[in-house]
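Asks: below: sequence and its predicted model.
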Amino acid sequence: MGRTTRLGDGLLIIAILLPLLIALPRLGWPGDTLGAWLGWSGRVAGILGLSMMLVTAAISIRIPGVDRWFGGLDRLWRIHRRLGFGAFILIMLHVLALAFAVLPVSLQAAVATLFPPLSHTALWLGWLAWLAMVVFLAPTFDFFGRLHYQRWKRLHLLSAAALVLALLHVIPLAGETGAWWLLGAAGLGAIVWRKLVSPWAARRPYRVESVTPLARGVVELGLRPEQREMTYEAGQFVYLTPLDETLSAGRGEEHPYTISSAPGDPLLRAGIKDLGDASHALQSVAIGSRVMIEGPYGDFFRRRFPERDALWLGGGIGITPFVGGARDIAGHDATDGRVQLFYLANDGERAYYLDELKQIALDNQRIAVTAHFFRREGPMNVAFLHAHCPDFVEREVYICGPPGMVDHLRRLLGAQGVPAARIHCEVFDFL
């Protein structure tokens with residue numbers, strides 16, 4: 001993905017700095033001693049840490065369309081993770097700096113700063129907030145191993161308790177509380193929306209109309225809306241929650257799947273590969289059963305420039321946004337930009353959309369499709385790119401597939417002089 005500044009990035013910076021900017025007149029500047037510098041730095045770290053923590057919660061709201069302010073939901077989740085980790089580090093620095101600031105006085109003073117009498121309720125609430133933060137962040141950053149996805153989501157609910165405790169810690173101690181009330185309402189409001197409101201207010205009911213086997217362990221679901229259909233663009237994805245009571249796993253669980261149908265298709269289609277318990281169960285979901293759809297999300301194709309030709313590279317189930325894009329091309333007479341699609345697969349058996357894509361290319365001069373089979377060609381290389389798309393360096397590039405494939409292609413293209421701003425990637429390892 002290109003390293004460009006977006007509207008959402010600016011809003012995040014403003015929100016994070018707001019409490020500090022309001023508090024600076026009161027904090028002033030530190031004195032000349034090391035202790036004064038450490039005390040001032042500790043307070044600044046605490047303010048920034050908590051504001052980052054609250055903003056991290058606020059951007060988890062996942063309202064369709066808002067993710068585009070940040071370059072798509074995948075990028076927004078990466079920002080979410082980095083802010084969460086940054087908040088944790090700053091809060092640790094806050095605690096340590098305040099303790100070291102009084103260490104020259106005595107060790108007893110430093111210990112008392114960290115662990116005051118129990119009557120100092122606000123300070124002990126801060127420790128409880130930190131403890132809750134450790135518990136729910138630990139699996140996120142693999143401190144003690146990776147949890148099952150659904151257990152991780154339930155454990156993440158402790159973030160709400162951490163936010164409440166942190167606010168109860170800071171509001172009695174802060175001289176200015178308006179910004180904390182504002183950010184607190186945004187963070188807690190996002191959690192309430194995400195966990196309590198959106199499951200019934202933001203999801204749309206669909207029925208499974210078809211389950212088409214594409215290859216071993218891969219199906220394409222065709223879903224028909226029960227009410228008003230959802231408007232989406234090629235390359236976007238949705239969260240799908242199956243309600244089929246016969247499923248062996250995953251009933252009532254939401255998981256992200258890329259839309260493989262073209263906008264305007266009467267059925268919403270999604271290719272699903274057997275990658276876990278929930279996606280395995282969906283291979284045999286009952287026709288006529290109900291699913292709930294939330295979305296659409298993503299900003300994959302919106303970044304392209306109409307006047308510039310495109311290079312698409314898709315592998316594994318990561319071919320699905322390009323299937324949706326090709327089907328969209330097949331249904332329109334648009335003339336802007338040619339597309340070269342490279343379909344990366346182990347062999348012909350795993351290129352389950354290849355026949356349809358080649359037929360689309362035969363019927364439409366805007367798109368060309370070339371298969372690249374790993375077992376025959378080895379990893380994608382510069383010679384193959386030059387042979388089938390000589391002007392690839394000049395094109396807008398879109399990549400979707402397994403993380404290893406995406407990393408290899410980004411390095412390969414970057415080494416050939418393709419600017420990072422023209423390489424757009426989507427990898428679903430962020431959930």
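Replies: Cool, the structure landed. Numbers count the residues shown, from 1 in each chain.
Asks: what's the weakest-modelled helix or strand in this protein?
Replies: Lowest mean confidence among the helices and strands of the chain (mean pLDDT, DSSP states H and E): helix 149-155, at a mean of 74.
Asks: can you name every helix or strand that it contacts?
Replies: Judged by 3 or more CB pairs under 8 Å, 6 or more residues apart in numbering; DSSP states H and E, helix 149-155 is in contact with no other helix or strand. (C-beta placed from N, C-alpha, C; glycine too.)
Asks: one more time with 10 Å, if that's ok
Replies: Judged by 3 or more CB pairs under 10 Å, 6 or more residues apart in numbering; DSSP states H and E, helix 149-155 is in contact with helix 121-137, helix 277-281.
Asks: for the ones you listed, which one sits closest to Glu176?
Replies: Set against Glu176 and scored by CB to CB, these come closest in helix 121-137, at 15.6 Å.
Asks: what residues sit buried inside stretch 400-413?
Replies: Buried residues in stretch 400-413, defined by neighbour count with 16 or more other CB atoms under 10 Å: 400-402, 405-406, 408-410, 412-413.
Asks: quick check: Gly314 is in a strand.
Replies: Yes. The assignment for Gly314, made by DSSP: H, G, I helix; E, B strand; the rest coil, places it in a strand.
Asks: the closest residue to it other than its chain neighbours and Asn381, how far apart?
Replies: In this structure, Gly314 finds its nearest non-sequential neighbour in Phe322, 4.4 Å apart by CB to CB, 6 or more residues apart in numbering. Distance, Phe322 to Asn381, using CB to CB, to the nearest Å: 20 Å.
Asks: looking at those two, which one has more neighbours?
Replies: Phe322 (31 against 13; other CB atoms under 10 Å).
Asks: thinking again about what came up before, ok, then the element right after the one helix or strand the residue nearest to Gly314 maps to?
Replies: Per DSSP states H and E, Phe322 falls inside helix 320-330. Per DSSP H and E, the first helix or strand lying C-terminal to helix 320-330 is strand 339-345.
Asks: so which bits of the longest strand seen in the chain are buried?
Replies: For the chain, the strand that runs over the most residues, judged by DSSP state E, is strand 204-215. By neighbour count with 16+ other CB under 10 Å, strand 204-215 contains the buried residues 204, 206, 208, 211, 214.
Asks: for the stretch 151-300 of the chain, just list every one of the helices.
Replies: Secondary structure of the stretch 151-300 of the chain by DSSP state H, counting those that start in this stretch: the helices cover 158-170, 178-192, 198-201, 277-281.
Asks: what residues does the second one touch?
Replies: By CB atoms under 10 Å, 6 or more residues apart in numbering, the surrounding residues in contact with helix 178-192 are 15-23, 47, 50-63, 156-157, 159-160, 163-164, 166-168, 170-171, 174, 177, 197-198.
Asks: hmm, try it at 6 Å
Replies: For helix 178-192, contacts defined as CB atoms under 6 Å, 6 or more residues apart in numbering pick out 18-19, 22, 54, 57-58, 60-61, 160, 163, 167, 170-171.
Asks: domains in this protein, by residue range?
Replies: With domains defined by automatic domain parsing, the chain comprises 7-200, 204-297, 310-426.
Asks: low pLDDT regions in the chain?
Replies: Within the chain, the segments meeting pLDDT under 70 span 1-5, 140-149, 303-304, 306, 333-335, 428-431.
Asks: what's the longest helix in it?
Replies: helix 73-101 (DSSP state H).
Asks: what distance do you get for Leu243 to Trp124?
Replies: 44 Å.
Asks: burial count for Gly49?
Replies: Number of residues near Gly49 (other CB under 10 Å) recorded here: 24.
Asks: circling back to that earlier point, distance to Asp32 added to the buried residues of strand 204-215, as TSV?
Replies: Formatted as TSV, those follow (distance: CB to CB, whole Å):
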residue	distance to Asp32
Arg204	63
Tyr206	67
Val208	71
Val211	73
Leu214	71
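Asks: circling back to that earlier point, need the helices and strands packed on helix 149-155 in TSV with distance to Asp265 and mean neighbour count, can you?
Replies: Shown next, in TSV, are the helices and strands packed on helix 149-155 (distance: least, CB to CB, whole Å; neighbours: other CB atoms under 10 Å):
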stretch	distance to Asp265	mean neighbour count
helix 121-137	40	17
helix 277-281	22	19
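Asks: out of those, which is closest to Leu247?
Replies: Closest to Leu247 of the helices and strands packed on helix 149-155, according to CB to CB: helix 277-281, at 4.4 Å.
Asks: from the chain's centroid, how far away is the helix holding Phe322?
Replies: Computed by CA atoms, centre = their mean, to the nearest Å, the chain-centroid distance of helix 320-330 equals 22 Å.
Asks: okay, buried residues for it please.
Replies: Buried residues in helix 320-330, counting neighbours by 16+ other CB under 10 Å, are found at 320-330.
Asks: quick one: the strands in the stretch 251-400 of the chain, in order.
Replies: 255-258, 268-273, 290-297, 310-315, 339-345, 367-373, 396-400 (DSSP state E, counting those that start in this stretch).
Asks: looking at those, which is nearest to Gly417?
Replies: Here strand 396-400 is closest among those (CB to CB), at 11.8 Å.
Asks: for Cys425, grab the count of nearby residues.
Replies: By other CB under 10 Å, neighbour count at Cys425 equals 22.
Asks: okay, now Ser106: neighbour count?
Replies: 10.
Asks: next, give phi and psi for it.
Replies: When read as degrees, to the nearest 10, the backbone of Ser106 gives phi -180, psi 160.
Asks: again with the one 10 residues further on
Replies: As for Pro116, its main-chain torsions (degrees, to the nearest 10) stand at phi -80, psi 180.
Asks: ok, Cys400 - contacts?
Replies: Applying CB under 6 Å, 6+ apart to Cys400 gives the contacts 314, 318, 321, 426.
Asks: need these in CSV with distance to Gly10, can you?
Replies: Converted to CSV, the contacts of Cys400 look like this (distance: CB to CB, whole Å):
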residue, distance to Gly10
Gly314, 32
Gly318, 30
Pro321, 28
Glu426, 23
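Asks: compute the inter-axis angle for the longest strand of the chain and strand 268-273.
Replies: The directions of strand 204-215 and strand 268-273 differ by 50 degrees, with axes from the mean of the first three to the mean of the last three CA atoms, to 10 degrees as the criterion.
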